[in-house]
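Asker: Based on what follows, work out the 3D shape:
(chains A, B, C and D)
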There are 2 protein chains.
Amino acid sequence: MSPSAGRRPTSHDVARRAGVSQPTVSRALRDDPNVSDETRRLVREAAAELGYILSQRGRSLSTRLTGQIGVVVSDLANPFYLEVLDTVHDALARDELRMLVLTPDEDDDAFMARLLDGSLDGAILTTTFLTSQLPAELARRGFPFVLLNREIDELEGDTCVVDSVAGARLAASELLRLGHREIGALFGPMTTSTGRDREIGFRRELLEHGITLEAARWRRGAFDFAYGHQGALELLESAPTAIFAANDVVAIGAYNAIRSRAIAMPDDLTLIGFDDISLAAWNVFELTTVRQDIGAMVQRSTKMLLERIGRRDGVPLPPRRVVLDPTLVARRTHGPPPAG
Amino acid sequence: MSPSAGRRPTSHDVARRAGVSQPTVSRALRDDPNVSDETRRLVREAAAELGYILSQRGRSLSTRLTGQIGVVVSDLANPFYLEVLDTVHDALARDELRMLVLTPDEDDDAFMARLLDGSLDGAILTTTFLTSQLPAELARRGFPFVLLNREIDELEGDTCVVDSVAGARLAASELLRLGHREIGALFGPMTTSTGRDREIGFRRELLEHGITLEAARWRRGAFDFAYGHQGALELLESAPTAIFAANDVVAIGAYNAIRSRAIAMPDDLTLIGFDDISLAAWNVFELTTVRQDIGAMVQRSTKMLLERIGRRDGVPLPPRRVVLDPTLVARRTHGPPPAG
DNA sequence: CTGAAAGCGCTTACAG
DNA sequence: CTGAAAGCGCTTACAG
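Answerer: Numbering: from 1, shown residues only, chains lettered A, B, ... in the order given. Down below sits the predicted model:
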């Protein structure tokens, strides 16, 4: 009567022990209202005695749902994505969903297969390139997903971003207000919406005040520490009075380079980043930056995703685009340009 | 003949299209040698035409394997674990395994159920407490797991750690060599093997040279930035000439506090951390620290785990314990005590 | 080399 | 309220 040693008990074992049928066990443990209190009690008791744990493998084959959400991140060494993962994990856990972390394959088709192999109910895409065909293909196949912090033009899918153009304008207008005219910029990759839009916003705000960036005073590069470090060293050659970095990781790379040259911030040089990752607030940095509310972005994104998963067999929801407002966080790396 | 619109094709659809049986499709796509080249070609063709993707849900119910490994981390905001996750992810990806990130529940039984519900082939436990009953219980149930960077006394399971006692002695002996006698320490939690063993090693090395820590000069606390910051401020009251921090996150918290007091490192104060996370090497810090080779730890851990998973239905492997050697990374926060 | 049958462990109509 | 039957989509002996 008891399950053979070494084998995990199944609902059949519980059924036998409780003297009911296997489907009744399934119903009782899911608190199906169509089960008498007495039966429910009996089943729960038997399950507890056997140490029964419901098999997600069996369940998911039947329900076509795994309770697993993929989070696609290409840059796992980036502290920004650590904060994203941390926040996403907690948001999913609240709905008893589990987080699977995926890195894109070199081969788009292989990666697509990993997303569509039935182990995921949906996915959160965080590092998508503007030219990626993947989201459109996922949408075509009806796979639930949401783009977080990145967008793709004319995509038929859900997106949640902070307004990068507006955020970069905020930074530029602060520099102008302080009186900076010799301005430098470390822009991000044009292959990403964040890189592109922050550059667009920054340049536009300057242009509306009659300022264009000198060639020696701007660069484009990856969203990483090394680019910020190297880029800043290059920009310093042309002695700008302020530098805007496309994100905080780049800004902190720049910060390190600037410090290594014994240049004082903000007295000799102003530095403004973007994101407001937790490092930015540390006293060694006290980085002035444009804040993206990661918590809000994650909440809105997961909400949209879960709604879409809920409708997956019904009438599909229209694509939605949520745009959140950035704010300027004034810390201690910005100030007026040095006199003279 | 073609699958109805909106439904994903299954191996049955492929079989019908290729004119073979469903099991033959299964064999052909798995490159079973018992399939003729012609049949294999036919099946592959049909699969490609239909855009067939093998369902992991069906597969895993049958094979009792999901290809998913759980990584248990309680402190997802900690940069050390970002590096662990990044490294684990890549190590698993090499074996086509996927990484599920889990945070322990408040309730041990509930968490156990999440590990044992059949969605994982095994787990890597990274933040286990010394008193946790979980690993012993997992071992008892034959669930494959490995402890990474933490140990539990007399555990019947696999473990991979860096020798914390030896590492802390390395730090202490460097301080002594430099001539420090007024020594402070920010130890980690006694509830963890890393916290406990680094404290043991550090104290032991000092003791063997006739030095004990004054009560005002040491603290115990969590492995986080805030403790490092606050703890350092407290230690500074008693003017030590050197501070050892139980890990780099604590050390960097301390660094920030020390800098906020305008105390120069290493001229006025020496600071040594533990771990060698990537932040430690940044020029703003240049933190001298005891290096743990995360890459090696992850390689050895995953190797042991995969071997154990491979044996899961056969003769179980004996528990193994791999201990790696720490090394001192000399950067720019250590030096002799200030004269006078 | 290939197919028919059984089974992995659940859930979900369908009867009663 | 409960059970018998079918099915989710694979893999794996077992025949032939």
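
Asker: Please give the element, helix or strand, for A:Thr191.
Answerer: Secondary-structure element containing A:Thr191, defined by DSSP states H and E: none, the residue being outside all helices and strands.

Asker: can you pull out the strands in the stretch 51-200 of chain A?
Answerer: Taking DSSP state E, counting those that start in this stretch, the strands of the stretch 51-200 of chain A run over residues A:68-72, A:98-102, A:122-125, A:145-148, A:158-162, A:183-187.

Asker: Identify whichever of these lies nearest to chain B.
Answerer: When those are compared by C-beta to the nearest C-beta, strand A:98-102 sits nearest chain B, at 5.2 Å. Where C-beta positions appear, they are placed from N, C-alpha and C, glycine not excepted.

Asker: so which residue of the stretch 51-200 of chain A comes closest to DNA strand C?
Answerer: Ranking the residues of the stretch 51-200 of chain A by distance to DNA strand C (C-beta to the nearest atom of the strand) places A:Gly58 first, at 2.9 Å.

Asker: List the residues that contact that residue.
Answerer: Residues in contact with A:Gly58 (C-beta atoms under 8 Å, 6 or more residues apart in numbering or on different chains) are A:Thr10, B:Leu61, B:Gly118.

Asker: My read is that the first one contacts A:Arg57, right?
Answerer: No. Under the criterion of C-beta atoms under 8 Å, A:Thr10 makes no contact with A:Arg57, lying 10.8 Å away.

Asker: Can you pick out the residue with more neighbours from the two?
Answerer: More neighbours sit around A:Arg57 than around the other of A:Thr10 and A:Arg57, counting by other C-beta atoms under 10 Å in any protein chain shown; the figures are 23 against 18.

Asker: The more buried one and B:Leu120 touch, don't they?
Answerer: No. Under the criterion of C-beta under 8 Å, A:Arg57 is not in contact with B:Leu120, lying 10.4 Å apart.

Asker: Quick check: neighbours shared by these two?
Answerer: In the contact map built from C-beta under 8 Å, 6+ apart, the residues linked to both A:Arg57 and B:Leu120 are B:Thr66.

Asker: and chain A, which residues reach DNA strand C?
Answerer: Within chain A, the positions near DNA strand C by C-beta under 7 Å from any atom of the strand are A:8, A:10-12, A:22-23, A:26-27, A:29-30, A:52, A:54-55, A:57-59, A:61-63.

Asker: circling back to that earlier point, can the contacts of A:Gly58 go into JSON lines with extra columns for distance to A:Arg169?
Answerer: Below are the contacts of A:Gly58 laid out as JSON lines (distance: C-beta to C-beta, whole Å):
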{"residue": "A:Thr10", "distance to A:Arg169": "60"}
{"residue": "B:Leu61", "distance to A:Arg169": "54"}
{"residue": "B:Gly118", "distance to A:Arg169": "51"}
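
Asker: So which of these is the closest to B:Ile294?
Answerer: Distance from B:Ile294 was checked for each of the contacts of A:Gly58 by C-beta to C-beta. The minimum falls on B:Gly118, at 29.8 Å.

Asker: pretty sure the closest one is touching A:Gln56, no?
Answerer: Yes. Look at B:Gly118 against A:Gln56 with C-beta under 8 Å: they come within range, at 5.0 Å.

Asker: Looking at the two, which is more packed in?
Answerer: Per other C-beta under 10 Å, whichever of B:Gly118 and A:Gln56 has more neighbours is A:Gln56, with 24 against 20.

Asker: which ones are touching that one?
Answerer: By C-beta under 8 Å, 6+ apart, A:Gln56 lies in contact with A:Thr66, A:Gly67, B:Asp117, B:Gly118, B:Ser119.

Asker: Filter those down to the buried ones, PyMOL style.
Answerer: Applied in PyMOL, the following selects the buried portion of those according to 16 or more other C-beta atoms under 10 Å in any protein chain shown:
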select buried, (chain A and resi 66+67) or (chain B and resi 118+119)
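
Asker: Identify the farthest-apart pair in the contacts of A:Gln56.
Answerer: With C-beta to C-beta as the measure, no two of these lie farther apart than A:Gly67 and B:Gly118, at 11.9 Å.

Asker: so what's in contact with B:Gly118 and A:Gln56 at the same time?
Answerer: None of the residues lies in contact with both B:Gly118 and A:Gln56 under the rule C-beta under 8 Å, 6+ apart.

Asker: now A:Ile277: how far from B:Val72?
Answerer: 25 Å (C-beta to C-beta, to the nearest Å).

Asker: Look up the pLDDT of whichever residue of the stretch 151-300 of chain A sits closest to DNA strand D for me, please.
Answerer: For the stretch 151-300 of chain A, the residue closest to DNA strand D is A:Gly157, as judged by C-beta to the nearest atom of the strand, at 23.3 Å. Model confidence at A:Gly157, expressed as pLDDT, equals 95.

Asker: That one against A:Pro318, yeah?
Answerer: No. Using C-beta under 8 Å, A:Gly157 makes no contact with A:Pro318, being 10.3 Å away.

Asker: Neighbour count for those two, which is higher?
Answerer: Regarding A:Gly157 and A:Pro318, a neighbour count based on other C-beta under 10 Å identifies A:Gly157 as having more, with 22 against 7.

Asker: which residue sits closest to that one, ignoring its sequence neighbours?
Answerer: Leaving aside its chain neighbours, A:Gly157 sits nearest to A:Ala139 (4.6 Å; criterion: C-beta to C-beta, 6 or more residues apart in numbering or on different chains).

Asker: which residues touch that neighbour?
Answerer: Each residue near A:Ala139 by C-beta under 8 Å, 6+ apart is listed here: A:Phe145, A:Leu155, A:Glu156, A:Gly157, A:Pro319.
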